[in-house]
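**Q** let me see the structure of the following:
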Amino acid sequence: MARFVCNRHCDELRKCSPHTELDTLRALVNESGHANCISQFVWNKLTSSKESDDFKFLRFLIKNGVDVNRADQLGRSGLHFAVRYCLPETVKLLLSSGARSEVPDADGLTPVICASALGDDSLIKLLIKNGSSVNKASLTGMTPLMFASKNGHHTTVELLIKHGAKLDEADGSGLTALMFAAKHGQVDVVRVLLRNRARKDLSDRQKSTALMFAAEIGHVKIVKLLLESQRFDISGASITGYTALMLASINNHVEVFELLLSYDPSNLKQRNTRGQSALMLAALVGGAEIVHSLLKYNLDVNETDEAGDTALIFACESDNLEVVVKLLSKTADVNAIGSDGKTALLVASDKGNGLIVKLLLKRGARVNHADMHKETALMKASKKGHAEVILKLIKKGSNIGQQDKSERTALCLAIESCQLNSVEILINKGSSLSHTDSHGNTVLMRAARCGNTEITRAVVRKNNNIDATNDKGFTALMIAAENGARSVVETLLKKGAKVNVLNTSENSALTLASHKGHFEVVELLLKNGADVHQGNCTGSTALILAAQTDEPRTVRALLEAGSEVNRVNDDKLSPLCLAADKGFEENVKILLVKKYKAHLDSRCRKGWTPLMFASKKGHAGIVELLVKKGADVNLLNSDRWTALCIAARNDKHATVKYLMGEISEPEVQGEKALRVAALSGSLDTVQLLLKYVKNEILRSVGLNKSLYLACLHGHAHVVNFLCKRGANKYFSDFFGFTPLLLASSRGHCHVIRTLIKNGCDVNSVGRILVDFKDRLRNIGTSSSARIPITALNVAVECGYLDCVKVLLEAGADVNLLNHDHMTPLTIARIRNFPDIMAVLQEKGGKESEVTPTGASINTISATTIIIQGLQMCAINNAAAVTMEDVKFAAMDNSYIQVNNE
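**A** As a prediction, the model looks like this:
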């Protein structure tokens, strides 16, 4: 068969959209000669269109050899679209042209399923005539009959049954056509299915039957049909234990319930898996009529479910007075204890139904019973603000001072819930205002924490101990100040609260408010004599704390009140340092106002200045502000880093660029910052700084040391850039490490690849320092103190399998002997690296001809320790160096020194 060769017209045809003119499409088809190249979008549109012109063009495409069974990404063919859009002529055309009627889409939906879901009987007949199966199911197991039943197409259901549809077939969830019809309230379909003897006793995987589905939705007619057609057992329960009667009860479908009850009243005591009966479920939803019907059968109203709850407790939860009355008329136990220790009274009090509470109290409900949280009915009513219930409970003798698990009284709970009415009632009824829990928290403190001014006034009016402290030293004023409750603070101050009391952390109300940025509270405290000089346990004054918040008004108010602008905390951090670090530019501007005389270059314990803090975080506006005000850009911190180096280390490109224009000796400092940028892996900053370093010697030093640092930290992108800018790929530090050796010792495969790509010889030999005692005697250059080593030796000794593979692929000598005449394979065996041994052997690696001695094994161990001293590896007991020696190597940073020598 000849193979068509596509041309440019085919490409244009594929790009056409459903909006392309038909004449254009026709021309392209004729010019290309390949009707099949038409886009799927156009095909889908044509097969779903009612337009006569589209139909004519569809015939044109078919005549020109288009594949009528082509499908889109969802597996939908033209026949699927024609059926979905109810286009009988298109369906006939496609079928007569060879369209396969049985092919499903990606969801397993066949054209006959689509037609059944739509209830298009004429299309179904046409499809059946062309060989479509009425029993082929979708991926979820749904057959055409199920789709038709679910959507209520009763004539379609009759048609499918006539053509052999299986009545009792189940889908993947076990649902039959009858269940689908019942579940979706399709009464006519149910009638047809039952007439054709569909089984109504079948259940799905959850053991639910058609009757249960009908009862759940309250469809009376379907329930009647199911009950009338043939007598059967309705006591069957689902996996969760629900019967049809229970489902009618919990959904309060009265008529369905009555039908089921009259059909078979013998199963009223059945329980679901939670131990709940139909009576309990009806009470739970407030179904008064159903409860009334059930009570006629003399059921035990005090039976409990698995959690211990009774029908009365459920009735109180549903807040239904009528149900409660009916249950009490049958001597329901008002003091039965349910789940979590609750009683009917506790539930009713929580709901706030005064009539139910009154009724329960009249029947003898225990007023002081507490649940598992030790909460009483009074507590529950108090925290919900149910004034009427509170009064009824107190009148019946509720203990107003009783405490819950957290030592809170009803008054405490009312305060915490900001229920003013409850608070006023409880105070007037004698609730103690002097109550204190085991942590020293008073009623007034709770009111202050609540932040409600009226509640605070109600409490403080009869409270004499306004300055009481809890176990953390907090007073009510401190709590209100920290929470920013200005009106509460004002109320307490008017009542004489002491403003300068300190808590156990030596914080005052002022420092607490300043730390949280509550300006209005700070302003109020200052007017009432708050001490601006008081520092807390970390030495932080209100100003130091305020400088760290985004509230410049607080900073200004404290300065105007005489706060010391240059006072530092225990870490020697000044307000200016902290404001610069946090990036609060307005605070910095205020602190730098001339009259306050802030020290521009104040230093913290580690020698950091405000400029350094701002540079680290990249706060460009603050950096520029400080420099313009005269901050010294050349100062060094205790690590001998300038603000420029700090900015470079933290990849703050814009700050680096600005500072380079402000420093003295930009080339010298730029070279130092260049190394720092390489260490941090900031390529943009490296590129920027290199532009400033034009001195040939400095540039060479900077490139080489930067390359070293980039290799050390695995920044391959920086390594690549530096190599292309002329960095010496064989540069070595005092210890003898070259960039390649260093990358191999750290396991940086990507860096190794980059170095090799830039021409680095994988077999180049470095001479590393191994005798630290010579180093200490200042004779580190002696030949006896150094050993020759290659990158492959290093990677093998350190156990980096991937690095070994990269080096071998690049041509590393697999049998190159080390200074002890041992091959990499022998070293891998001594170091017990079987995976590396396998790779070396695969590449032709051989064992050493010389048998390793104890001394040579010790040398390998020692060499590995030196190599991995950079990584602080564990020390081999056989190593020929002491712990002190290795610590010296690991801690000595001269080889990565970023400061000028």
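
**Q** what helix or strand is Val521 on?
**A** Using DSSP states H and E, Val521 sits in helix 519-527.

**Q** which helices and strands does that helix pack with?
**A** Packing partners of helix 519-527 (3 or more Cβ pairs under 8 Å, 6 or more residues apart in numbering; DSSP states H and E): helix 476-482, helix 486-494, helix 509-516, helix 552-560. All C-beta atoms are positioned from the backbone trio N, CA, C, and that covers glycine.

**Q** repeat that with 10 Å
**A** In terms of contacts (3 or more Cβ pairs under 10 Å, 6 or more residues apart in numbering; DSSP states H and E), helix 519-527 is packed against helix 476-482, helix 486-494, helix 509-516, helix 542-546, helix 552-560.

**Q** any idea which helix is longest in the protein?
**A** For the chain, the longest helix by residue count, based on DSSP state H, is helix 696-712.

**Q** for that one, which positions count as buried?
**A** With burial defined by 16 or more other Cβ atoms under 10 Å, the residues of helix 696-712 counted as buried are 698-712.

**Q** now the next helix or strand after it: average pLDDT?
**A** Using DSSP H and E, the helix or strand that directly follows helix 696-712 along the chain is helix 716-724. Averaging pLDDT along helix 716-724 yields 96.

**Q** helix 696-712 and helix 716-724, what's the angle between them?
**A** Orientation check (axes from the mean of the first three to the mean of the last three Cα atoms, to 10 degrees): helix 716-724 against helix 696-712 gives 150 degrees.

**Q** what's the offset of the helix holding Val521 from the middle of its chain?
**A** Its chain's C-alpha centre and that of helix 519-527 lie 39 Å apart, by Cα atoms, centre = their mean, to the nearest Å.

**Q** quick check: buried residues in it?
**A** For helix 519-527, the neighbour count (16+ other Cβ under 10 Å) marks 519-526 as buried.

**Q** which stretches in the stretch 1-150 of the chain count as helices?
**A** Counting by DSSP state H, counting those that start in this stretch, one finds helices in the stretch 1-150 of the chain at the ranges 8-15, 22-32, 40-47, 52-63, 78-84, 88-96, 111-118, 121-129, 144-150.

**Q** the residue lying closest to Arg70 once chain neighbours are set aside: how many residues sit nearby?
**A** Leaving aside its chain neighbours, Arg70 sits nearest to Trp43 (6.3 Å; criterion: Cβ to Cβ, 6 or more residues apart in numbering). Using other Cβ atoms under 10 Å, Trp43 has 23 neighbouring residues.

**Q** kindly report the same for Lys50.
**A** A count of nearby residues for Lys50, using other Cβ under 10 Å, gives 11.

**Q** so what's it closest to, chain neighbours aside?
**A** Counting by Cβ to Cβ, 6+ apart, the residue nearest Lys50 is Leu87, at 6.6 Å.

**Q** verify the stated contact: Ile113 with Lys150.
**A** No - here Ile113 lies out of contact with Lys150, judged by Cβ atoms under 10 Å, at a distance of 11.5 Å.

**Q** quick check: end-to-end length of stretch 808-825?
**A** Terminal residues of stretch 808-825 are spaced 13 Å apart (Cα to Cα, to the nearest Å).

**Q** any buried residues in that stretch, and which?
**A** Neighbour-count burial for stretch 808-825 flags 808, 810, 812, 814, 817-818, 820, 822-825 (criterion: 16+ other Cβ under 10 Å).

**Q** stretch 492-506 now?
**A** Buried residues in stretch 492-506, counting neighbours by 16+ other Cβ under 10 Å, are found at 492-493, 495, 497, 499, 501-503.

**Q** quick check: Asp820 touching Glu797?
**A** No - Asp820 is beyond contact range of Glu797, at 11.9 Å (criterion: Cβ under 10 Å).

**Q** ok, which stretches of the chain are strands?
**A** Using DSSP state E, the strands of the chain run over residues 766-769, 786-789.

**Q** next one, pLDDT for Val291 please.
**A** pLDDT recorded at Val291 is 96.

**Q** list the residues that contact it.
**A** Going by Cβ atoms under 10 Å, 6 or more residues apart in numbering, Val291 touches 249, 278-283, 285, 299, 301, 311, 314-315, 320, 322-324, 326-327, 330.

**Q** going by neighbour count, which of these are buried?
**A** Going by neighbour count (16+ other Cβ under 10 Å), the contacts of Val291 have 249, 278-283, 285, 299, 301, 311, 314-315, 320, 323-324, 326-327 buried.

**Q** which of those fall within helices?
**A** Judged by DSSP H, helices contain the following of these: 249, 278-283, 311, 314-315, 323-324, 326-327.

**Q** of the buried residues of helix 519-527, closest to Ser417?
**A** Checking the buried residues of helix 519-527 against Ser417 with Cβ to Cβ, the nearest one is Val521 at 23.6 Å.
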